[in-house]
Every structure is written in structure tokens, then in C-alpha cells.
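Student: kindly return the folded structure for what I paste below:
(chains A and B)
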Amino acid sequence: MVNPMPDNQSHPDMSAGAGQAELPIKVQARDVCVSYSGKQALNHVSIDVPDRSVTAFIGPSGCGKSTFLRCLNRMNDTIEGAKVVGSLKIDGLEVNDKSVDPVVLRANVGMVFQKPNPFPKSIYDNVAYGPRIHGLALSKDELDAIVEDSLKKAGLWDEVADRLNHPGTGLSGGQQQRLVIARAIAVNPEVILMDEPCSALDPIATAKIEELIDELRENYCIIIVTHSMQQAARVSQQTAFFHMGNLVEYGTTEEIFTNPRDPRTQDYITGRFG
Amino acid sequence: MTDTADIPKLRQAISDHLPRRYRAEMRFRVAGLSAVGLAVAILVLLVGSIVMQAIPAFTVNQLVLPVRLESDLVDPQGDGSEASLRRGSYGRVLQEAVREQFPGVRDRRQLRTLFTLYTALNSTRLMDEVLADPGLVGETHTFRMPIADDLDLYLKGRLVQDRTLETAGRLTVAEAGRDFELTSSAADFEGLRDTVSNLLRAEAASLDTRAEQARNRAEGQTGEDREDSLYEAGRLSADADALRAEAELESGWVELSDTLPSILVETGETHLRLTALSADGRSARAESLLGDETGSELADWSLYVIDTPEARRRVSDQLIVWTRALVDRGLVSLDFNTALFANADSREPELAGVKGALFGSILTMLITLTLSVPVGVFTALYLEEYAPKNRFTDLIEVNINNLAAVPSIVFGLLGLAVFINSFGLPRSAPLVGGLVLSLMTLPTVIIATRAALKAVPVSIRQAALAVGASKTQTVFHHVLPLAAPGILTGSIIGLAQAMGETAPLLMIGMVAFIADAPTLGLEGLTQPATVMPVQVFLWSDGAERAFEARTAAAILVLLALMIGFNALAIYLRRRFERRW
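Tutor: Model prediction:
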């Protein structure tokens, strides 16, 4: 799908700016506001996230970056009292539209959580669960192929090929997180949301995940929430800085880290607060 | 602010404090350990005493008698048809079989006593055996029937205090009118004479005490009361003196009343009961309870003493003698008590069994299981996962929690009003029992299930939702399997509780004497039945002493059922348990 709004240069807050023009826009948000039981958590966020690249959301705790992430696959629906207004489009389709089934949406927008959360089932069943419930595989062979392909894409195949029947919960933390990524990509999403995927992992496992994110960028639109600015700098092409429910600044990662325009961004990335 | 110089001091303070901490910890451990120890000890005591009490119920002494199934008694119409066989006089057949063993018994009263060796209900069992095999008519058939419950207890040594004395001398039995006169060449009767004297003196002493008490009472009384008390004291003293006189008697005969131990002399097939001992302890007078052989210088004889006086026990010397004779003839065998498991309840302990109650419990539990578990689990699922949180669902929740605390008899009243009076379901039926117990179990199941569902981590739900599972798929593929161990535990606790209930069944007529077991099937659901705890309750109330052991046995069966239930729960929980 080609984005109908190719040019957003007139809105410096929305687009990552120069250098990204060749990438089509995947996710487009306009004035998205979220409140939890009347308490405003996100104020009028407008952003354009390009496809086939990594976009990092940074900001201090409680700034609304995870809230925004959850809007993208409507996980906010499951939270009592959550209210989302504004326009949020993926490939030009309104996410919050009544006609959009969250089940279909979530098949298209995969999500990886902070703590690895494999199902207490075998490695194979973890990956095969999505394809099974969506009816993506017509035969056992097809399903085997999907599982193998997904595990390979997640860089886990070589480590688990001989023990697919072992429980997924028996893997190490880093392996579990890659298993969860494999589970997400098994249903062929176009967008993958990652909510602090490395915060529970050691540096070596983190490095592996970051490497994986870099590889996945070729085929997916990846949005990652992170507390680590080094991580944002390492893996992302665009960076958005959130503060107090507002999108303060959005631009190419290089720009944000070398030449932030907003003093708050400057303070945050130089470690003065947050 | 702490000065750095104070740091050693602070460390010292911490060290000083340590022993107190360790002492507190030690105290707690000791308290915990002793609590566990006490609980285990009480449990062992409880189960141990029940098992000890139950042991006699698992065996039964059976009479193994040859019975002659004469055609004219058993088959009155002479055509061997079922109708004819059903009209046979099996009671007569049994009576004849017992009379054959004791041909000397002719007197009607004695015969009636003789027939209390067994319960007449056995004739039905004999009929069943003949109906099963009509070829037996005209034959002599070996029939096994439980001996009367008191005699069974006697044979197990649980009814009376008794002992057999060694004899040294040779016995001479001579006829003296209707009685017999016994002499021994050694001092065999002298010991008995001493025993009897001692008992008489002891009895006299206790009468003296009572006389003394009456006199003391009289001190504080006036008028007629005082006179009554003094009269009573005088009477008691006189009785005591008479007993003492008998104890000290130098010549003549000491009569043996039924308040003294029974002394039986057994020589071969002849059983004699001593009626008097000579004062010098050289000879004795006796009456015959069985057989009437006389002889002189008999070497093979024994003295059998039943210390419990005849007046203070449920079985007479006569019945004991007959029973001992049957045992000597090898016609009594101690068998496993199959009746305990093969029969339903009966007025006669020797024929009473738990089958009816066991089947009733199984049928009732099946109804409870099939109603309360699915309804409870799905109610909890809906309330926990789907229901909107509003006033109405809050109200429902509060009510469910309250229902769990309602006394169980209230559910019985509800069952009576709704199921029996409004719906017209039969009384005493496992169906109604199961319905009532389901009502009682539902809140437990719902609360346990909700707790188990709440305990499933959010991350698992998020994981499922994030790959595009619908709400229902999330619940049924992930949440429910993870909650299953908790749900199972809660449900089984609820069911075990229901299995041990009697109060709610009181109202719907399941606390009743029901002599037939319900059939294990659909039709059994509406047949009258009772349940295990009710059986325990009914037997514990039974007049016959043999019910004591059977009560304990029924408790053991109930306990075994519970343990089986819980073992199943643990097994299932292990199987379904998954870690995350």
C-alpha cells in the first residue's frame, strides 16, 4: 500500500523530515488524545511513521510513549476506562473505526512486551498459535514451514531446532524474547510494536535483539519504546521524544541526538532529567 | 546524621541485638513445629481409634449349617415354579437345621431362644439361593448365615469378660434329681469358692457404703424422708450382712445367683452351669445347659468362667453354650464381612451394609458434579472476564459471597419448597439431594474459579490478544487452562464438602432408614436412597452394640472415599499444572 499523503514537510512535528522521503508513510496519527478514566495521558499527538525502518519513542517514565504504542494495536481497548480520540491510520485505514476488527488489526500489528511472555506451551506451539487461530496454514507441512521461517527470521532457529517440543518458558530470557518476536512475525504483520523489549535482558541478549531489530527493519515497520538512549541511537532511524503526554520533538535519530531543537529534548538526551 | 566514629558502636548494637532475633526465630520455629506435631498426633489418634473400633466390623462369624431343603417345605405347589418356590417356608427350613444340631431342646421357650442364634431375615437369603439354583430343592445344602450380632461380638471377645481355668483333678458327675452333683479329686472348686467369697465381700462392702450414705443423708432430713432413708440404710445393711454370712459360710451350699459370674463345666459335649458351691469348696451343684452325660473320674474337663454376671449382659449362658458347642463342632467360621459392602441398611447389624448409602452418595455426587462444576465455572468465567463492572454485577458478587456462608440446612428447606413441593420431584431421591447439594456447592466453585482466573498473569492475556486472539480464544486457549488447577482444587473441595453433608438432606427425606440400594443408573436417581454420612449418623444411633463397629467402618469407607477424591484432585492438578 502506498501512502496517500507522501509529503508532510510542512509539519515539522509530524514527519521525521529530510532524508526519509523515499520511505512511504505507514502509520499516520493526527491529534491523538488518550485519557484513562478522565485523566489525560496523551495530548494531541500527530506523527508520521515511515515503513521499513525503526522508529524509537523515548522519554521519561509516564510520558505517554507506551500509551501511544498501545493505541496502534488497540490494546487500550482492554483497559477499563481508556478513551482514545483523534485520527490514527495505518496504511490509510482508520484504526479506531468501528468497522475495524481488533483481531484483524492485531494480526497486522504485532507487539512485543517488556517482559518476555511466551505461552506455557512448547516452542512450536508458541509460534504456531497465531497462524492456527487465523487459519493461515492449511496443512501441517505449511504450519511447520511457517514456524521454521518465523524462528529463522527471529534468529532462534539454530538454537531450538532440535527441541521444538520443549516448553517455551524453559528458554533463557533473551531466547524467550526472540521466541515472542517469532510468534509475532508468524502471522505476517506489517508493523511490529516493541515496548521496551530489552529492559529485562542482559547486555549480550540485548545486543542480539538489537541485531535482530536491525535485520527485521528490511521488511517491517518497527516502532520501539525504549528507556535507553544508546539503544535508540543504535537501532533507530527516526526518534520521537515524548514528555508529559506531548510529542515534543520528532526527527531523524541523527538530528535528535546531535542537534535537538527543543531544550527539553536537549536536557533529556544529555541526561539532565528523566 | 551518624558520625563515622560511631560506626563500631552501631555495629556492636546490631550484634547485641542478634541473640534476641535468633531467640524470637527459635520460638517461632518451636511453636510451629509443636503445632504440626499436635495436629499429626490428633489425626493419628482419631484415625487410629476409628480403625481400632472398625476392625471387628470387617469380619463376621458365620454359621455353616447343612440345611435340608425338603420339597414339601420349599416347594409347596410341587411344580418347582418360581411362584411356588417363593411361597416356601424357608424360616422353617432354617429352624429345622438349627434344631437338628440340638435335638435335646424341646421346650417351646427354649426353642424360641435357640432361634435367636441367627436373625430370621436370613430366610430371604436362603430363598434367593434356592431361586438362583432350583436344583437344590430336595437336597441338603450348606448354607452360611451370620450368627446373631451379640454372639458375633461374644466370639470376638468384645461382649463379656471370660476365662478358662485349668483343672487338676478328675471330675465325677452324678445325677441328683434334675440336677447334677460334681466333685473333683483335686481342689478345683476351692479357688472358685474363694473368688465367689471375695466377690460377695466386695458386694457387701459396697452395700455398706451405700447404707452409710443413706444414714448420713438421714442426718439432714426430717419426717418421712428421714424415715425412708433410715429404712433404706437398714435394708442395705441387712443385705450386706446376709452376703457376708454367705461368704463366711462354713458348711452347706453357697448359691450362685445371676449377679455372680457364671461358672460352666464342659466335659465333652455336655455343658453344665454351677448353681451352688459347697461351703468347703469340695463339690458343686450344677444344672445342664446342653447334654446330660454323667460319669466318674473324668480327666478331660474344663471350667469356663464368665466374669460378667448373666444379669448384666445381653446374651444368656444358654446361648453362649450353644454357640460354643457350634464352634467346637466346626460349624462357625470367621469370614470377611461381605454383607458390609454387598447389602444396604438393615435393622439387624449382621446384615447391614453400606452399599445403599455408597450408591446413594455416588448418584448424588454425580448430579452435584454435573450441575455445580459447569454452571459454577461458566458463571465465574462470565463474571470475571465478560461482565461489565457495574452496580448490578457488584450485587451479584456480594450475593454469591453471602450464599457461601448460608447454613446448609437452609438449602435443604429451599430444596423441599422448590424441588419437592413445587416441581413434584420424589422425596429421598438422589436427584433432589444432588440438586440441593449443587446449590450449596455453587458459591464455593464460583469463588474458587474467580480466584483462579484472577491469578492468571495479565502478560499471558496480553500475549494472546497481541497475536490477534479474540477474547473468547484468549479465555479458552490460555486463561482457562492456566486456571484449571485452581478451579479443580476449588471444585473438589466443594464436592468433598457436599459429600460430607447431612443437614441439607434432612429436609428432603434422605436422612432415613432405607433398606434397598438404588440402582446405579438413570432410574436410580429417583429411587429412595441415603448417603454415607447419613448412614454413619443412623448407625451411631443404633441400639445394637454391633452397630458401634459398623459406624466406625462406615466412617472409614467415607474417609477412603474422601481420600480417593482428594488424591484424584492432586493427580489432576499435577497433570494440568503449567508454569509461567
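
Student: ranges for the helices of the stretch 301-450 of chain B?
Tutor: Taking DSSP state H, counting those that start in this stretch as the test, the helices found in the stretch 301-450 of chain B are B:317-328, B:339-342, B:355-381, B:391-403, B:408-415, B:430-454.

Student: right, and those - which one's nearest chain A?
Tutor: Among these, the nearest to chain A by C-beta to the nearest C-beta is helix B:391-403 (12.8 Å). Quick note: C-beta positions are derived from backbone N, CA and C, even for glycine.

Student: picking that back up, deepest-packed of the helices of the stretch 301-450 of chain B, please.
Tutor: For those, the largest average neighbour count (mean count of other C-beta atoms under 10 Å in any protein chain shown) is found in helix B:430-454, namely a mean of 24.

Student: mind checking the SS state of the residue nearest the centre of chain A?
Tutor: In chain A, the residue lying closest to the centroid (C-alpha atoms, centre = their mean) is A:Leu193, at 1.6 Å. Under DSSP: H, G, I helix; E, B strand; the rest coil, the three-state class of A:Leu193 is strand.

Student: worst-scoring helix or strand of chain B, pLDDT-wise?
Tutor: Here the helix or strand of chain B ranked lowest by mean pLDDT, DSSP states H and E is strand B:295-298, holding a mean of 84.

Student: distance between it and the chain's centre?
Tutor: With C-alpha atoms, centre = their mean, to the nearest Å as the basis, strand B:295-298 stands 47 Å off its chain's centre.

Student: please save the CA atoms from that strand in PDB.
Tutor: In PDB, the C-alpha atoms belonging to strand B:295-298 read as follows (Å, rounded to 0.1, in the frame of the first residue of the first chain):
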ATOM      1  CA  GLY B 295     -19.600 -90.300  84.700                       C
ATOM      2  CA  SER B 296     -16.900 -90.700  87.300                       C
ATOM      3  CA  GLU B 297     -13.200 -89.800  87.300                       C
ATOM      4  CA  LEU B 298     -13.400 -87.800  84.100                       C
END
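
Student: partners of that strand in the sheet?
Tutor: In the sheet, strand B:295-298 lines up against strand B:171-176 (antiparallel) (DSSP bridges).

Student: so what strands line up beside the next helix-or-strand element following the strand it pairs with?
Tutor: Downstream of strand B:171-176, the first helix or strand assigned by DSSP states H and E is strand B:179-184. When sheet partners are counted by DSSP bridges, strand B:179-184 sits next to strand B:171-176 (antiparallel), strand B:283-290 (antiparallel).

Student: Serialize these to a markdown table and add fields for mean pLDDT and mean neighbour count.
Tutor: Converted to a markdown table, the strands paired with strand B:179-184 look like this (pLDDT from 0 to 100; neighbours: other C-beta atoms under 10 Å in any protein chain shown):
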| stretch | mean pLDDT | mean neighbour count |
| --- | --- | --- |
| strand B:171-176 | 88 | 16 |
| strand B:283-290 | 90 | 20 |
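
Student: out of the ones you listed, which gets nearest to B:Gly91?
Tutor: strand B:283-290 (23.6 Å; C-beta to C-beta).

Student: for chain B, what are the nearby residues on chain A?
Tutor: A:73, A:75, A:78, A:80, A:103-107, A:110-111, A:113, A:115, A:117-121, A:129-130, A:133-134, A:167, A:169, A:180, A:183-184, A:186-187 (C-beta under 8 Å from any C-beta of the partner chain).

Student: just the buried ones from those residues, in PyMOL syntax?
Tutor: Here is the PyMOL selection string for the buried members of the residues of chain A next to chain B, based on 16 or more other C-beta atoms under 10 Å in any protein chain shown:
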select buried, chain A and resi 73+75+103+105+106+107+110+111+113+115+117+118+119+120+121+129+130+133+134+167+169+180+183+184+186+187
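
Student: excluding its backbone neighbours, what's nearest B:Leu303?
Tutor: Closest residue to B:Leu303 apart from its sequence neighbours, by C-beta to C-beta, 6 or more residues apart in numbering or on different chains: B:Leu165 at 4.1 Å.

Student: am I right that the one you found is in contact with B:Ile306?
Tutor: No - using C-beta atoms under 8 Å, B:Leu165 is not in contact with B:Ile306, being 11.7 Å away.

Student: quick one on the thing from earlier: A:Lys153 is nearest to which of the helices of the stretch 301-450 of chain B?
Tutor: For the helices of the stretch 301-450 of chain B, the distance to A:Lys153 is smallest for helix B:430-454, at 34.5 Å, taking C-beta to C-beta.

Student: what helices or strands is that closest one leaning on?
Tutor: If contacts are counted by 3 or more C-beta pairs under 8 Å, 6 or more residues apart in numbering or on different chains; DSSP states H and E, helix B:430-454 sits against helix B:355-381, helix B:391-403, helix B:408-415, helix B:480-499, helix B:503-506.

Student: contacts for the third one next, please.
Tutor: In other words, helix B:408-415. B:432, B:435-437, B:439-440, B:501, B:503-508 (C-beta atoms under 8 Å, 6 or more residues apart in numbering or on different chains).

Student: make JSON lines from the residues you listed and add pLDDT to it.
Tutor: As requested, these are exported to JSON lines (pLDDT from 0 to 100):
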{"residue": "B:Val432", "pLDDT": "95"}
{"residue": "B:Leu435", "pLDDT": "95"}
{"residue": "B:Val436", "pLDDT": "95"}
{"residue": "B:Leu437", "pLDDT": "95"}
{"residue": "B:Leu439", "pLDDT": "93"}
{"residue": "B:Met440", "pLDDT": "93"}
{"residue": "B:Glu501", "pLDDT": "90"}
{"residue": "B:Ala503", "pLDDT": "91"}
{"residue": "B:Pro504", "pLDDT": "91"}
{"residue": "B:Leu505", "pLDDT": "91"}
{"residue": "B:Leu506", "pLDDT": "89"}
{"residue": "B:Met507", "pLDDT": "88"}
{"residue": "B:Ile508", "pLDDT": "91"}
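
Student: next one: whichever strand or helix holds B:Asp194 to chain centre, how far?
Tutor: B:Asp194 belongs to helix B:188-219 when assigned by DSSP H and E. On the basis of C-alpha atoms, centre = their mean, helix B:188-219 is displaced by 37 Å from the centre of the chain it belongs to.

Student: can you give me the strands for the stretch 1-150 of chain A?
Tutor: For the stretch 1-150 of chain A, the strands defined by DSSP state E, counting those that start in this stretch cover A:25-36, A:39-50, A:54-58, A:82-90, A:93-94, A:109-112.
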